[in-house]
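Colleague: Here is a sequence together with a model predicted from it:
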Amino acid sequence: MITVAITTYNRGDIVEKALRSALAFAITAQARVVLVDDGSTDNTDVKIRRLFSEQLASGLLTFVRIEDNHGVTGAKNAAFEKADADWVIFLDSDDELIPRTGYPVQLCLIGNRDAPVVFFRCMNEANAFVGRAFDEPQSIDLQRYIAHTSYGEALVAINKRIDANAPFDADLRGYEGLGCVKLIKKYGPALLSTIVARRYNRARRDRLSRPAGLMRRAQLLAIGHLRFIAICGDDMVPHQRAALRAKALVYSIMGKLYALFRPHD
């Protein structure tokens with residue numbers, strides 16, 4: 001019913017931890033795990049094949065290596081296409097699934113089989129809740145997602161039974177929220193669960209959300225904001241459209257400055 005999809009790039013030093021958490025989750029949730037190595041140049045592929053030979057042989061784990069780096073959304077699309085399940089849960093390779101959440105997550109997905117997307121909640125590396133908490137699950141329709149997204153960092157599960165097409169814009173090399181908003185607009189509200197299922201590690205310097213990552217991706221973020229407006233502009237109030245256009249302009253300027261002043265080899 002569930003595939004846990006992990007994508008990684010040059011994180012051979014830490015991906016093992018994420019993968020072991022996903023495999024433990026998979027046993028309790030009757031799930032499988034797909035790991036996509038997005039063209040790593042370190043020892044990721046050697047390490048995975050050595051440490052997880054048993055899980056690879058049993059089919060609990062599927063390992064896919066992409067020779068050329070596609071970026072996070074391209075790699076996530078590859079994992080989604082490889083997944084043979086109703087639901088695909090996306091886990092970053094420096095994060096972990098929290099122990100003993102497999103069965104509750106499975107029950108939640110069974111009970112919400114018509115939702116295109118389910119967002120599960122996160123805690124950070126200090127075990128503090130991330131975002132705004134609710135006592136009950138919340139329905140996230142298009143207007144609510146536009147205004148609040150998932151109310152903080154979330155573990156995303158996409159319903160492949162509803163739409164088996166690759167959900168993300170690979171050319172943006174990120175901006176996964178665009179895939180979620182397209183699914184919500186097309187198929188109806190997502191569910192925001194109260195289950196805290198992911199430990200979110202903000203410490204890695206190579207995270208895309210860190211300042212250096214934002215600068216490198218600034219031009220693509222500008223394009224992503226403009227695509228968001230193209231998809232949802234008619235459903236947004238004027239100040240929301242204006243705010244996104246302003247962000248797109250700022251990111252575009254940042255991207256041009258980064259291209260002009262970044263260090264060159």
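Modeller: Okay, I see it.
Colleague: which residues sit against stretch 121-141?
Modeller: Applying C-beta atoms under 8 Å, 6 or more residues apart in numbering, the external contacts of stretch 121-141 come out as 98, 119, 144, 148, 150-155, 184, 188-203. (Glycine included, C-beta is placed from N, CA and C.)
Colleague: In PyMOL, how would I select the buried members of those?
Modeller: Buried members of the contacts of stretch 121-141 can be picked out in PyMOL with the line below, counting by 16 or more other C-beta atoms under 10 Å:
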select buried, resi 98+119+144+150+151+152+153+154+155+184+189+190+191+192+193+195+196+197+198+199+200+201
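Colleague: Give me the average confidence score over the helix or strand hosting H225.
Modeller: Following DSSP states H and E, one finds H225 within helix 218-232. Helix 218-232 carries an average pLDDT of 97.
Colleague: What is the subsequent helix or strand relative to it?
Modeller: Immediately after helix 218-232, counting by DSSP H and E, sits helix 238-261.
Colleague: Show me which residues of that following helix are buried.
Modeller: In terms of neighbour count (16+ other C-beta under 10 Å), helix 238-261 has its buried residues at Q240, R241, L244, K247, A248, Y251, S252, M254, G255, Y258.
Colleague: returning to that earlier point: which of the contacts of stretch 121-141 fall within strands?
Modeller: Among these, the ones falling in strands (DSSP state E) are 119, 154-155, 190-200.
Colleague: Just flag the most distant two among the residues you listed.
Modeller: Greatest spacing in the ones in strands among the contacts of stretch 121-141, by C-beta to C-beta: A190 and R199 (21.7 Å).
Colleague: and the residue nearest to N77 when sequence neighbours are not counted, what does it touch?
Modeller: With sequence-adjacent residues excluded and distances taken as C-beta to C-beta, 6 or more residues apart in numbering, N77 is closest to A166, at 3.8 Å. Contacts here follow C-beta under 8 Å, 6+ apart; on that basis A166 touches N77, F80, E81.
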